[in-house]
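1. any chance you could fold what I've pasted below:
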Amino acid sequence: DIDWERDILHVARPKQRCKHDYPLATEVGNAILRYVREVRPRCASRKLFLTLRAPVGPLAPYSLRYAVAPRIQALEIRCPRQGPHALRHACAAHLVAEGLSLKQIGDHLGHRSSSATRIYAKVDLVGLRQVAEFSLEGLL
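-> Numbering: from 1, shown residues only. Modelled structure (predicted):
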């Protein structure tokens, strides 16, 4: 659901049986409007995103894989998984690199427990290299 007046995107979280609210960035709102005006097939369904081929109807949850995987392959990104879950991993890795806590990352990803977020906590190679290059001379 989109609250256009308050620029909020409401995302359903079926596993948690709740909705999370996210700010609706201007660029995203404009892209959605463009999709509705120029791409979205005419259909009685009130769902925003629809299949582009007949029979036109709401996208199924697994449909995202067919949109994401070809883009990852076209960009020649090498990763173990090439579906939407790869985007969650990339987002989490970015947030780790930005210095957010696991709690903050878990909240952003919609996790209820920190154990669910731990799988996204990868080694910060850039930070480790800085530590390895740090001279201990004068401290010993």
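
2. low-confidence bits of this structure, can you list those?
-> For the chain, residues meeting the criterion pLDDT under 70 lie at 121-128, 131, 134-140.

3. gap between residue 54 and residue 14?
-> To residue 14, residue 54 is 27 Å away according to CB to CB, to the nearest Å. Any C-beta I mention is one placed from the backbone N, CA and C, and that applies to glycine too.

4. same thing with residue 70?
-> Counting by CB to CB, the separation of residue 70 from residue 14 is 25 Å.

5. those two: which has the busier surroundings?
-> For the pair residue 70 and residue 14, the greater number of neighbours falls to residue 70 (11 against 7), based on other CB atoms under 10 Å.

6. give me the three-state assignment for the more buried one.
-> Under DSSP: H, G, I helix; E, B strand; the rest coil, residue 70 falls in the helix class.

7. start at 516 instead
-> Right, with 516 as the first residue, what we last looked at is residue 585.

8. what's the single longest helix in the protein?
-> With residue count as the measure and DSSP state H as the assignment, the chain has helix 599-612 as its longest helix.

9. who are the packing partners of that helix?
-> Taking 3 or more CB pairs under 8 Å, 6 or more residues apart in numbering; DSSP states H and E as contact, the helices and strands that helix 599-612 lies on are helix 578-589, helix 617-624.
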